[in-house]
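A.B. asks: got a structure for you, letters missing:
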């Protein structure tokens, strides 16, 4: 198993409620009721989407999408999302993916982004 089905399964094993949606030919793994654990949005429940390439875990998921928007597009590499008007896209790739191609690495990266969010 690879791609979005693998990422979704790994997130389910971490007790997240997930679904896979396809927009424009790209699969997104959507985490419903994600609780932000760090930073100024701590304790907020959001929907979090990760665009997942078909060869995951060889290639990492792209930058996260959040609903509701936690920051407006145009600031800090945050853009409109193809998922719709209530979503924002955070253009922040996972650094050094080749060193740790794991779901734990993804979650650590997300926590860092939320911790540093202005």
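C.D. replies: Thanks, I have the structure now. In this text, all values refer to a predicted model and were calculated from it rather than measured experimentally.
A.B. asks: How are the helices of the chain distributed by residue range?
C.D. replies: 3-13, 103-116 (DSSP state H).
A.B. asks: quick one: average confidence on the first one?
C.D. replies: Across helix 3-13, the average pLDDT comes to 98.
A.B. asks: That helix relative to helix 103-116, how many degrees between them?
C.D. replies: Counting by axes from the mean of the first three to the mean of the last three Cα atoms, to 10 degrees, helix 3-13 lies at 80 degrees to helix 103-116.
A.B. asks: Redo the helices of the chain as TSV? Include distance to residue 81 and mean neighbour count.
C.D. replies: Where C-beta positions appear, they are placed from N, C-alpha and C, glycine not excepted. Below are the helices of the chain laid out as TSV (distance: least, Cβ to Cβ, whole Å; neighbours: other Cβ atoms under 10 Å):
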stretch	distance to residue 81	mean neighbour count
helix 3-13	17	18
helix 103-116	15	17
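A.B. asks: got a markdown table for those helices, with distance to residue 19 too?
C.D. replies: Below are the helices of the chain laid out as a markdown table (distance: least, Cβ to Cβ, whole Å):
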| stretch | distance to residue 19 |
| --- | --- |
| helix 3-13 | 8 |
| helix 103-116 | 16 |
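A.B. asks: I'm done for today, thanks for sticking with me.
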